[in-house]
Every structure is written in C-alpha cells, then in structure tokens.
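# with the sequence up front, the predicted model follows.
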Amino acid sequence: MKYNIDDIDRRILYLLIKDARAPFLEIAREVGISGTAIHQRVERLREKGVITGSQVLVEPTAIGLNVCAFVNVAVTEAGKLGDVIKALKEIPEVVECHFITGKYSLFVKIYCRDNAHLMEVLMGRIRNIPCVQGTETMISLEEAFQRQVWVKE
C-alpha cells in the first residue's frame, strides 16, 4: 500500500535508518519539531505500514555462518508456489525469498556454517520440497555492502 510522506516524515525516516536507536528527542532537535510530534509521526508511519519494525543486525560470520549463498529455485507448477514458499519458510537458513522473472520462479538467500552445511540445505531440504524442479546456486565471496532502502534526506 502506498502512503504519501511529507518532507518531515522523510527526514525522520532518514534519521531512523541511519540509527534506529536514536532517541526521539534527538530526532526532534534535528528535524525542528517537538518530541511529541516525532512520536505521533512515527506511530502514524507504523500504522500505515511505512515502518514495519526494527531489528538487530547480526554479523553472520560472528556466529559461525561463514557461507552466504543465493539460490534460484525453479518450480514445476505456478499454482504450487505458495506451498514451496511455506516450505522454504520452515528452513531457518533461508533468510530471504523473492519472486523473480525469467527462467526461475524464486530467488532465496541462505546462510550456512560451511560448504557441507550448504550442500545439506540444498540437496537435503530445498531440492526435496515437492514441486521444486531444480536450483542454481551462487556463493557470495564477500559482501561489498548492505543497506536499508534508500530515503533521501
């Protein structure tokens, strides 16, 4: 759902993306409105689905997840995509899933401990999901950067 945001909302989003733990009073000083107004605007942005939550970002290698892979997934029947996605959600190593255009139906991102773990996830779980016709896997050598969606300041 699209929600029109004004320049103040955009500035608030920019500052929250920069530091989700920034106190509302600090944001209020930056934006030039009261802390109460910031609180009300953030609540409205949550209610409208613009802000969908906040999260702690974990460095995967710090917890032993040393392999990041991207997997294209081919599905035999378009009508079974929901079932395949439901099964993928049950695999904790799968952290993202996207519908895509082209030869494949889905694009997933997974984190594993090592190549043996990756092989087990691919061959033992993903390829065993009913209606998964095949996969193509690309291993990330190193993440160049990661960021939240772009919001102009």
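Yep, it's here. Residues are numbered from 1 along each chain as shown.
# what sits up against stretch 146-153?
10-11, 13-14, 17 (CB atoms under 8 Å, 6 or more residues apart in numbering). Bear in mind the C-beta positions are built from the backbone N, C-alpha and C, glycine included.
# how about that stretch: buried residues?
Neighbour-count burial for stretch 146-153, counted by 16 or more other CB atoms under 10 Å, picks out V151.
# next, count neighbours for Y3.
Neighbours of Y3 under the rule other CB atoms under 10 Å: 11.
# give me the nearest residue to it, chain neighbours excluded.
Distances taken as CB to CB, 6 or more residues apart in numbering place K48 nearest to Y3, at 4.3 Å, with adjacent residues excluded.
# now L106
Using CB to CB, 6+ apart and skipping the chain neighbours, the partner closest in space to L106 is V73 (4.1 Å).
# repeat that for Q55.
Nearest non-adjacent residue to Q55 (CB to CB, 6+ apart): A20, at 7.8 Å.
# same check on H117?
V67 (7.1 Å).
# distance of the one you found relative to E143?
Separation of V67 from E143 (CB to CB, to the nearest Å): 12 Å.
# residues in contact with the worst-scoring helix or strand of the chain on mean pLDDT?
Here the helix or strand of the chain ranked lowest by mean pLDDT, DSSP states H and E is helix 7-18, holding a mean of 93. For helix 7-18, the surrounding residues in contact (CB under 8 Å, 6+ apart) are 5, 22, 27, 30-31, 33, 38, 41-42, 45, 50-51, 148-149, 151-153.
# just the buried residues of the residues you listed.
5, 27, 31, 33, 38, 41-42, 45, 50-51, 151.
# what helix or strand is the most centrally placed residue in the chain on?
With distances taken as CA atoms, centre = their mean, E96 lies nearest the centre of the chain, 5.7 Å away. Here E96, judged by DSSP states H and E, is contained in strand 94-99.
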